[in-house]
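> 3D, please:
(2 chains)
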Amino acid sequence: QVQLVQSGAEVKRPGASVKVSCEASGHTFTGYYMYWVRQAPGQGLEWMGRINPNSGGTDYAQKFQGRVIMTRDINTAYMELSRLRFDDTAVYFCARKGGGNREAWFDPWGQGTLVTVSS
Amino acid sequence: QSVLTQPPSASGTPGQRITISCSGGSSNIGVNFVYWYQQFPGTAPKLLIYRNNQRPSGVPDRFSGSKSGTSASLAIRGLRSEDEADYYCATWDDSLSGPVFGGGTKLAVL
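All right, here's what the predicted structure looks like:
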């Protein structure tokens, strides 16, 4: 079945960078956009950006532009967030995009990666 | 501050019917499909309703969605204890060129 498996939890210092991976299986990796969404403790969901695994093209939410880079290789998507701040502490999810261009159809999701920013 | 507005909490007793509202605007819910996600503590969100009122296979028909204008609702009938979770609405926002989410509604089954 379609599955997204993310890398493990990370603890980083303020100002550092973190790179989270999302390995896809059970579907044609290049056939679906991959989105990244984060969730701060006790908070809601926030879109960060997306990558087209076929072309490598990316689009980032304005809030993260200049600090986030999304890449991919054969069957894995990556999200790197730099210049980490305390309020970047969150669970980071990857999610496969379905439906048409202007749809918020995400299925499945990765299990999430907790990134803790602490001094 | 989420683009879509949901009540922070909802509650009901077993067997009851409850609804959760989601309010947006003309650049998001007004012109695009609404989605609902269910999330249990410590787990990833799971697609519950797609394209306003469609259920993925495996989702019980106790769950239903509707949309009218710039608002949407999720209804759960025959409430069960295992329905206790957080529920998020989502849609595409044409002005932001990306998906937007509600702040989530924590459902308690009393």
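> residue contacts, the residue nearest the centre of chain A?
The structure's chain A has its C-alpha centroid closest to residue A:36; by Cα atoms, centre = their mean the separation is 3.0 Å. The neighbours of residue A:36, taking Cβ atoms under 8 Å, 6 or more residues apart in numbering or on different chains as the test, are A:47-50, A:68, A:70, A:77, A:79, A:92-95. C-beta here means a position set from N, CA and C on the backbone, and glycine is covered the same way.
> who does it bridge with?
Counting by DSSP bridges, residue A:36 is bridged to residue A:49, residue A:94.
> Quick one: neighbours of residue A:1, just the number.
Applying other Cβ atoms under 10 Å in any protein chain shown, we find 6 residues neighbouring residue A:1.
> What of the one 3 residues further on?
Under the neighbour criterion other Cβ under 10 Å, residue A:4 is assigned a count of 22.
> What strands flank the helix or strand hosting it, and is each parallel or antiparallel?
Using DSSP states H and E, residue A:4 maps to strand A:3-6. Sheet pairing of strand A:3-6 (DSSP bridges) gives strand A:18-25 (antiparallel).
> just how off-centre is the strand it pairs with within its chain?
8 Å (Cα atoms, centre = their mean, to the nearest Å).
> Could I get the buried residue list for that strand?
Using 16 or more other Cβ atoms under 10 Å in any protein chain shown as the test for burial, strand A:18-25 gives A:18, A:20-24.
> quick one, what contacts residue 23?
Reading this off chain A. Counting by Cβ under 8 Å, 6+ apart, residue A:23 touches A:4-6, A:75-76.
> To clarify, I was referring to chain B.
Residues near residue B:23 by Cβ under 8 Å, 6+ apart: B:4-6, B:29, B:70-71.
> if we go to 10 Å?
B:4-7, B:29, B:69-73, B:89, B:102 (Cβ atoms under 10 Å, 6 or more residues apart in numbering or on different chains).
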